[in-house]
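>>> Got a sequence here, can you build the structure:
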Amino acid sequence: MSQPERRTPPQHILPAILSHWVAGLRLALGIAWLILVPAEMLGVTSGLGYLILDARDRMAYDQLVAVVLAIGAIGVLLDGAVRVLEERWGRQRR
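Numbering: from 1, shown residues only. Take a look at the predicted model:
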């Protein structure tokens, strides 16, 4: 006489883990953005990291500052998008 296997339905699990999943996504995007730009400085001929080195080598400091500001703006936009998801999905959990 064995007992039937008890399963937790996905409609109970997903809402419970959603806020943690979004927090992990936010951290992962931040770390990926921190790694991506310096990685583009190593042996490639395109990308924002390459543009920083190229502008530095040409002494085009106005372009260098513009690229650094663009990198910061993209990072803020990525974080803002994940925050919107966090707020939207966080409300469903409450």
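>>> where does Glu5 land on pLDDT?
Glu5 is assigned a pLDDT of 68 by the prediction.
>>> my bad, Arg83
pLDDT at Arg83 comes out at 90.
>>> distance between the host helix or strand of it and the chain's centre?
Taking DSSP states H and E as the definition, Arg83 sits inside helix 61-93. Distance of helix 61-93 from the chain centroid (C-alpha atoms, centre = their mean, to the nearest Å) equals 8 Å.
>>> helices or strands up against that helix?
Contact here means 3 or more C-beta pairs under 8 Å, 6 or more residues apart in numbering; DSSP states H and E; on that basis helix 61-93 packs against helix 10-39, helix 48-57. C-beta here means a position set from N, CA and C on the backbone, and glycine is covered the same way.
>>> any idea whether Leu42 is helix, strand or coil?
Assigned by DSSP: H, G, I helix; E, B strand; the rest coil, the conformation of Leu42 is coil.
>>> Report pLDDT for the residue nearest to it when sequence neighbours are not counted.
Nearest residue to Leu42 in three dimensions, chain neighbours excluded: Gly49, at 7.9 Å (C-beta to C-beta, 6 or more residues apart in numbering). Predicted confidence (pLDDT) for Gly49: 90.
>>> Could you tell me how many residues sit around Gly49?
18 (other C-beta atoms under 10 Å).
>>> Also Asp57?
9.
>>> tell me the pLDDT at the residue positioned nearest the centre of the chain?
Centrality entry for the chain: nearest residue to the mean C-alpha point is Leu29, 1.7 Å, by C-alpha atoms, centre = their mean. At Leu29, the pLDDT value in this model is 92.
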